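Asks: Here is a sequence together with a model predicted from it:
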Amino acid sequence: MRYAVLILAAVATAGAADAPVYRATDGAGHPVFSDRPTPSARRVPAKPVNTYAPPVGQPARAGAPPAPAPVEPPPYESLEIVLPEPGATARANGGDVRVEGRVAPGLAAGHRVTVSLDGQTAACVARDGGRFTCPLSAVARGPHTVRAAVLDEAGAVVLQSGATRFHVLRTSVARAR
């Protein structure tokens with residue numbers, strides 16, 4: 001029922017776009033616009049509507065073979081970070097953290113995976129089955145955010161994973177008293 005009312009309203013107002021508009025002034029001096037003329041009203045000229053005519057294509061030459069369509073790599077279904085798990089604490093006394101993940105259905109030729117740790121990008125090593133590993137070093141203690149991205153040959157991002165937050169726990173030496 002609601003859709004029927006909306007459709008009827010759209011059809012009823014479609015013709016109103018070409019209707020003339022009249023401007024008058026009321027007793028308080030305020031402008032009043034209407035589609036019905038009054039004795040003191042004057043017609044407001046309509047402004048031209050912007051239009052666009054697309055260019056006419058050239059007809060194909062007889063006997064010329066059609067250009068081959070570019071071969072696109074298959075779209076990726078998923079990209080995820082497996083390690084560290086969301087909310088996990090990585091115990092890394094030397095500050096070394098390993099990020100692992102997988103991309104399905106696997107990297108296309110020329111594509112690569114990078115990992116961004118708090119906005120700093122690091123390269124990854126692709127392994128079999130769409131898996132990848134990114135060794136990170138000198139990671140400070142505290143909370144961190146990591147994301148993975150698949151880049152094409154030109155370095156453009158094809159797919160990006162969600163953010164994974166984790167914590168790094170590094171032991172510290174207590175000050176001597």
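Replies: That came through, no problem.

Asks: Provide the secondary structure category for the residue lying farthest from the centre of the chain.
Replies: Note on the chain: the largest C-alpha distance from the chain mean falls to P39, namely 55.4 Å (CA atoms, centre = their mean). Of the three states, P39 takes coil according to DSSP: H, G, I helix; E, B strand; the rest coil.

Asks: And the contacts of stretch 101-116?
Replies: Identification of contacts with stretch 101-116 by CB atoms under 8 Å, 6 or more residues apart in numbering yields 73-74, 76-83, 99, 121-124, 126, 129-132, 134, 136, 146-153, 158-159, 161. (Glycine included, C-beta is placed from N, CA and C.)

Asks: rerun at 7 Å
Replies: The contact list for stretch 101-116 (CB atoms under 7 Å, 6 or more residues apart in numbering) reads 73-74, 76-82, 99, 121-124, 126, 129-132, 134, 146-153, 158.

Asks: Then stretch 147-154?
Replies: Contact with stretch 147-154 is made by 76, 79, 81, 101, 103, 107, 110-116, 157-161, 163, as judged by CB under 7 Å, 6+ apart.

Asks: Show me which of those residues are buried.
Replies: 76, 79, 81, 101, 103, 107, 111-116, 158-159, 161 (16 or more other CB atoms under 10 Å).

Asks: Okay then, goodbye and thanks.
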